[in-house]
Structures are given as C-alpha cells and as structure tokens.
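Q: Fold the following for me, if possible:
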Amino acid sequence: MGEISTRLFNEEDLNLAEEMMTSAWKFYLQETTPERLRQLLEDQLENPASKVWLVFENDNPIGIAEISITESYRYDGEEALLKLIFISDTASNYYDVHSALMDTIFGYLRDEGIDYLRVDTTLENADVLLV
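A: A predicted model of the protein is given here:
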C-alpha cells in the first residue's frame, strides 16, 4: 500500500476535481454535462457550507468526498451531510483509503464542533457505510 493523503479541494484543483467527480458520477450512474459539473464545482469553492476533499495515494488522485453543513432540524446547531464519496478501483486498498478519508472528515467535523454526520444511501452507494 502507498502513502495516503487528503486535502480540501481548492481553485487549483478544478480540473482534477472535475475528473474525479465525473468518475464518481459515472460509477453511481448519475448524468451531467461537463459544463454543469464545472459550474457546480466553481459554486462549491464559494460556498462555505460545502467541503470537498480529494484523496491521493502516492500523490496520484484516487478519490473524492463531499459534505455539506446545514442547520440541523433534529438537533441544536449544525449537522453535516455526506453527499458523495468515491474511491477509484486503482486504489491499492479500498478500506485503508476509505478509512483515511473518513478520518479526515470526522476530524474536520470535530474541529468545527459538529457532532452529527448524516448519510443518505441507496443500494447503489451502500459501500459508503463501510468504515
């Protein structure tokens, strides 16, 4: 297994994030146009309630995750929604990469004082529940 690293998506990552998001949406059978996807990513750069992480193995991009933070209707304060997680088949060990990515997200939420992470899932993306 290689060295795994994660980082928040930034403006310099637009093309890379677009590639990863395109792969994720194909995997999850979602359709979009390149123009629409680019606009969504550009919008996320300006939205403080949306966070996108890229994950790398030996400096090679292998995945992406997205959360949004919103005022909770169930609890006092904010909660996060895991909107997307995708790890490429090129990862040498899916579970280690997934754990590193989720550890990053959990650490971010702890630092922000957010106690709840909600996950909406379907049979197509039930692998998100494997930690």
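Q: moving C-terminal of the strand ranked longest in the chain, what's the next helix or strand?
A: Assignment by DSSP state E gives strand 60-71 as the longest strand of the chain. Downstream of strand 60-71, the next assigned helix or strand under DSSP states H and E is strand 78-87.
Q: where along this protein do the helices fall?
A: Remark: helices assigned in the chain by DSSP state H are 14-27, 34-46, 94-112.
Q: Which residues does the second one contact?
A: Right, the one you point to is helix 34-46. Here helix 34-46 makes contact (C-beta atoms under 8 Å, 6 or more residues apart in numbering) with 9-11, 14, 17-18, 21-22, 25, 32, 50, 52, 66. C-beta: built from backbone N, CA, C; applies to glycine.
Q: at 6 Å instead, please
A: The set of residues that contact helix 34-46 without belonging to it, under C-beta atoms under 6 Å, 6 or more residues apart in numbering, is Glu11, Leu14, Ala17, Glu18, Met21, Ser50, Val52.
Q: what about the residue of the chain positioned farthest from its centre, distance to Gln44?
A: In the chain, the residue that sits farthest from the middle, by C-alpha atoms, centre = their mean, is Asp76; the gap is 24.6 Å. Taking C-beta to C-beta, to the nearest Å as the criterion, Asp76 is separated from Gln44 by 26 Å.
Q: ok, now Arg38?
A: Taking C-beta to C-beta as the criterion, Arg38 is separated from Gln44 by 11 Å.
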